[in-house]
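just to be clear, the model below is a prediction. Sequence and coordinates:
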Amino acid sequence: MFEIRNGEREYAFLNDKTNQQQNRYGKDIQLVDENNPLKGKSLNINGDASIGDNPNRYKQHGFHFTADNCIGCHACEAACSEKNDNPAHIAFRSVGYVEGGTYPAFKRLNISMACNHCDNPVCLKGCPTRAYTKFAEYGAVLQDPDICFGCGYCTWVCPYNAPQLDPVKGQVSKCNMCVDRLEVGLKPACVSACLGNALNFGVIENTPENREQVKTEIPGFPTTDITNPNIRFQQTKTLPKEMTRTDSMAVKYHQDNNKGIFKPVVDRKKRLTRQWNLRKLRSREDPLVVFTLVSQAVVGAFLLMFLGAKAGLLPMQQAVNSGAYMPMLFIMLGIEAVALFLSTMHLGKPHRFYRAFNNLRYSPVSREVAGIAVFINSLGGHFLFSMFDVEILKIAAEIFGYAALISGPIALYFMHKIYRIKARPYWDHWQVLTAFYGNMLTMGGLLVGLIFVPVFMSMDMPVIALLNMVATVMLTGLVIEAIGHVFHARDLNRSGREGSVSYYEQITTFGKTYFTRNVLLAVNIIALLLLGLMSSESALALTIWGLIAISVLVSAIVSRALFYVLVVSTTMPGAFFWKNKGFEEHARESGLAEMPQVGVVPDVH
Amino acid sequence: MLFGRKKKNPIKIADKEIVDWKYTTCGYCSTGCSIEVGINKQGKAVSSRGVASADVNRGKLCVKGIFEHELFDTAGRGETPLYRDKYIEDFREISWDDAFDTMAEKFKAIQEKYGRDSVAVISTGQILTEEFYTLGKLTRGAIGTNNYDGNTTLCMASAVSGYKRSFGADGPPGCYEDFEHTDCLIAFGSNLPEQHPIIYWRLKEAMEKRKFPLIVVDPRVTMLAQFADMHLPITPGTDVVLLNSLAHVILDEGLEDAEYINAHTNGYEEFKALVADYDPITAAKICGIDEDTIRNVARLYAKAGAAMSIWTMGINQSTHGSDGVVGVNNLNLITGNIGKPGGTSLSITGQCNAMGTREWSSCSGLPGYRYLENPEDRAEIAEFWGIDKEFFPKKRGLFQTDIFPAIETGQIKALWLVASNPMSSLPNTERIRKTLEKLEFFVVQDAYSDVESVHYANMYLPASIWAEKNGCFTNTERRVNRITNVQPPYANSKPDLWIFNQLAKRFNHYQQMNFPETSEEVFEEMKQLSKGKERNLDISGMSYEKIEKNGGLQWPCREGEEQGAQRLYVDGKFPYADGKAKLIPLLFADNNERPDNEFPFWLNTGRVVEHFHTRTRTGKMGNCNKYSPTPYMEMNPDAADDQGIEHMSYVRVVSRRSDAVVMVQLTQRIPYNMVFIPFHFHDCANRLTLGLLDPYSRQPAFKQNAVRIEKIDQKEAAQRNVEARAF
């Protein structure tokens, strides 16, 4: 049991006099009823079998933050990091701020934020390893770093930046609500340390002593409909209509006239210039660029060959029956295996890869991995059994072929579901699906063409039909992708909020890159159309084909890289140095990050 | 579980396996928080927490205190004494004995050649009171130089000087509990949430219990200014004008406490005649606060049942620092707000033991607030120490800020620096470099061997730090609290007390003097010197055990008393001979370096909560340093826009002294014609500062300088910034 300090003061003790029945989302605050078997069990903290005597043990708890009072002194963050023994680059709680007005009518609003132990914990649902648990005790959402394999998906889905991915340890950890303190009736360490009388804690929906407001909106805090977070605010002092962030995120918050609620809008911090920033296209997610593109290409190529042959497309029948079919399957298996390996190695703890299947019930990551696993095994089975000229084995090869045919597109569907994250408006659009399926066709067609055109030519077979077929498939893929891009850009620009910010970054920071990608896409579509109409296998046509192949590949890679670097999540505002992406980048580039006390990990790749 | 695993792993929460908590007092600022340091089985300090029962902090700590246990192992700690003949050579390790022999020999030789005062000693506000007392005894009684002062000249000298001028003696008369009784509080140039977060919390608690008006005078919109009921964004360096004008309104409207003035003050007529010239209309044009606001504040303050003023560096670090303090005291004297609950002039002090050095170090005179200028004091101390009274000079020597110019021009040839870092902390860094180069013999005694001043040192002595030692600190409210040795001294470092005692052995007077070995024995000796009915600084009722048990005791705590006194001058009796305080007329003349066409911006400097002084400690602890790991400058976005300067870009700031490279943080927290740079960073803000000296306290005006902003190549700037950061 947690040891209570001698002479501990009143401010440190939980103090819930009466509680309400339901929270504002219509959920019971009492988390389990009288006879529930979950009651009366030990939390087993560090192996301690005792059970806390907190009378509100089975009620949902949450933080209450009086934003008007926060002085930004870092005591809460420090108390948290001290208690949890966190290194400088990890923080379960962080303080950022927004500010507005003109001197001296200036206001800064500091915001201290940790985990909100949500009613709908998207981290828990997203985690493929089931490292998360929402406990009946206090409604605490706890994560077990010993189960986590460091994919970081929870950090993508959480709108509040609560889970912390440690690139050094290769695992996630997060706020544990100080359940050890709650068990003995103490408020969490951060609350107990607060020097502005801003942070408080108790049964959710309760108004703390000397406070009068229990609301869920302050500027900088994302909407509650994503996760139903268990945090409440008091913020009664009038703020300027526009509150800006000091960190590099191009977001500010504008008060709407009707309800007085602050909404995120684009902050044109830098002058509107179009830049390349090709180096910034690289990110921690580089392996995913490779993995998604390769998987889509392999699924697409297999679909084209297998289904094409079945549907009576002559070039595909020729391809399947040629001696090159087996090597082609082998190549596909090979590059898919390499891509899978890269994406596994990008985990914080690759040796725990097998845990990816743990959460098929909720996590799109688990489902995607399962889908890809079925596809790759089916493809493998198809390859293996196709080697034998025995009837029964041929049937097996057929069955595996159909399994791959079905599982491939399903896997890609789940792959797309991974990115449909409400906290990441740039991704949460049907364009992801058109991009992935479009790419499946484009890259699949390209892969088939790259292998079989030389094969046919070496066998002195005509390639014109093959080229026309590939052109049609790739064209379809590109058009599907392009339609998605058009609507995506339009919807982002209209959306306001963080989606517009992504769009702003897209046309400024990566403006030239984005423009070039669009030009390439258009050129590729037109060129393929012309090539299809020309229907030529002349040296000139083949040269153009070669150029288009390169262009399609470049466009696809740039497009996918942009997809990962442009996403702006609904995160909390940072401070000038701490939790400021712009400063982190600068610290890495300039070498400041080499000093560990700067709190920026030098290399995240 | 509601969702998640059926079969749960045990919940793992970091367990530092603490087996013992050891009591001590925080070694950063002067708030004086009681800390317990958690020790694990291996004897390592692994945790810090506030002492819940202690009255000062009531269990709370700020970001620095929360990580104070990490201090013992911070990078750059000095491991062994080092020596070199010239600063351009490499250091070699030497033994402690050799170090003391050399040091004594060099000091003696230089004194022989150039005179006794050619050796200067500059101490600090960081070491223990017993160490201050011993260093004073050594310097005044054995080495015998009159050029001995503390770096407290940079922070509290104006408060000391102002208290002495108004009341006849130093010593903040109020306490934190005054917040719970006051009906009106003015904070002059004091940003509690950033500088003294625990004192802010005590103020906040008091205001939540019982709201009273909070008025903040500060050119920046600090968090305190933002939370104030009234914020007076004053023009830098003009506090005296505002204070005179407040007094003008109070006297003009008959709001003064005439009874108190008659009974307890002198000089009323002269004072009244002077403030008559500072009507709000005239004052508003100088100090930038409109006349209505001045009248409103004056009335509010005078009519309040009890009203108090607090101030920090906004007043002290100014060419009118001492006058500013006197002005605050004047305000409280004419309204009868001294020595009563909620009515006081409370300077919020800087370093953890700035008070200890003021009381006992003999820097400005002799121990226990005695004066060299006073023959009885000289005779008393000489007899007590066992030396000839004629050995003492008859008036105090140079202040810290006058010692450096005396080195620059060759009157002082040797310097012994104890726990101070002038290379970062003094104004005009380039001038200090040039000055330190000239020393014939320069000793730096510090817990850190990477402190920048070591660059010019001939000898480096590794001192133990904070709770590796045993003794006392005195805080802002005159509370003496205990530092116990939580950890053994690091490597071959030694407690400053031991160092002083060993060096003392090398001087002739040692034979006739007594240098007790333990700090408790020293404390007992100080108690003897503190006795006296007329003496406010009376600690004779204290003992180490009693101090620790009470979480600190305030002086006076006379022999036989269980508790100390919360306030001074409760009876209206002041330490001046006639028992009355002085109302002092303050003529204002603006001598600051003001912005002009060539240098159009005010440069204001100050602190941030996560750092302490020159970052020798906090710059090495990630969980403090990460909030501002590199220098930055607050600049108004409109001014930046006019110059085409972008947020988060580097600029070069130029003054009449030199230049500095900083990263720009745009914020409307400061006015169009001002920039603000935290002073903590080496080779940064103080490369720019002028630091004109206050005529009384010799404290530099760090906060009133003129600069211009130049664009700089971003890559070059980043490189220059990285190269300037050893930590």
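On my side now, so go ahead. Numbers count the residues shown, from 1 in each chain, chains lettered A, B, ... in the order given.

what strand or helix carries A:Cys190?
helix A:189-193 (DSSP states H and E).

list, one by one, the residues from the stretch 601-727 of chain B near chain A.
Residues of the stretch 601-727 of chain B lying near chain A by Cβ under 8 Å from any Cβ of the partner chain: B:609-610, B:619-630, B:632, B:636, B:646-648, B:665, B:667-672, B:718-719, B:721-722, B:725, B:727. Using the backbone N, CA and C atoms, a C-beta is placed for each residue, glycine as well.

same thing but 6 Å
B:609, B:620, B:622-623, B:625-629, B:648, B:665, B:668-669, B:671, B:718, B:722 (Cβ under 6 Å from any Cβ of the partner chain).

tell me where chain A has strands.
Taking DSSP state E as the criterion, chain A contains strands spanning A:61-66, A:94-102, A:105-113, A:132-134, A:141-143, A:164-166, A:171-173, A:199-203, A:231-234, A:242-245, A:251-255, A:262-266.

what packs against the fifth one?
The contact analysis (3 or more Cβ pairs under 6 Å, 6 or more residues apart in numbering or on different chains; DSSP states H and E) places strand A:141-143 against strand A:132-134.

helices or strands next to the strand it packs on in the packing?
Helices and strands touching strand A:132-134, as assessed by 3+ Cβ pairs under 6 Å, 6+ apart, comprise helix A:122-126, strand A:141-143.

thinking again about what came up before, of all the strands of chain A, which lies closest to B:Ala589?
strand A:105-113 (31.7 Å; Cβ to Cβ).

tell me the angle that closest one makes with strand A:61-66.
Angle of strand A:105-113 versus strand A:61-66, following axes from the mean of the first three to the mean of the last three Cα atoms, to 10 degrees, is 170 degrees.

can you verify my assumption that A:Ile218 contacts A:Gln235?
Yes: with contact defined as Cβ atoms under 6 Å, A:Ile218 counts as touching A:Gln235 (4.8 Å).

shared neighbours of the two, anything?
Taking Cβ atoms under 6 Å, 6 or more residues apart in numbering or on different chains as the criterion, A:Ile218 and A:Gln235 both touch A:Ala67.

picking that back up, out of the helices and strands packed on strand A:132-134, nearest to A:Gly260?
Of the helices and strands packed on strand A:132-134, nearest to A:Gly260 by Cβ to Cβ is helix A:122-126, at 27.6 Å.

so which elements touch the closest one?
strand A:132-134, helix A:153-157.

now the ones you listed in CSV, with mean pLDDT?
Formatted as CSV, the helices and strands packed on helix A:122-126 follow (pLDDT from 0 to 100):
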stretch, mean pLDDT
strand A:132-134, 95
helix A:153-157, 97
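
JSON lines please, covering those and showing mean neighbour count.
Converted to JSON lines, the helices and strands packed on helix A:122-126 look like this (neighbours: other Cβ atoms under 10 Å in any protein chain shown):
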{"stretch": "strand A:132-134", "mean neighbour count": "25"}
{"stretch": "helix A:153-157", "mean neighbour count": "23"}
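
can you list those in TSV and add distance to B:Leu346?
Listed next are these as TSV, based on distance: least, Cβ to Cβ, whole Å:
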stretch	distance to B:Leu346
strand A:132-134	50
helix A:153-157	47
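
and the ones you listed: which comes nearest A:Phe583?
Comparing the helices and strands packed on helix A:122-126 under Cβ to Cβ, the one sitting nearest is helix A:153-157, at 18.9 Å.
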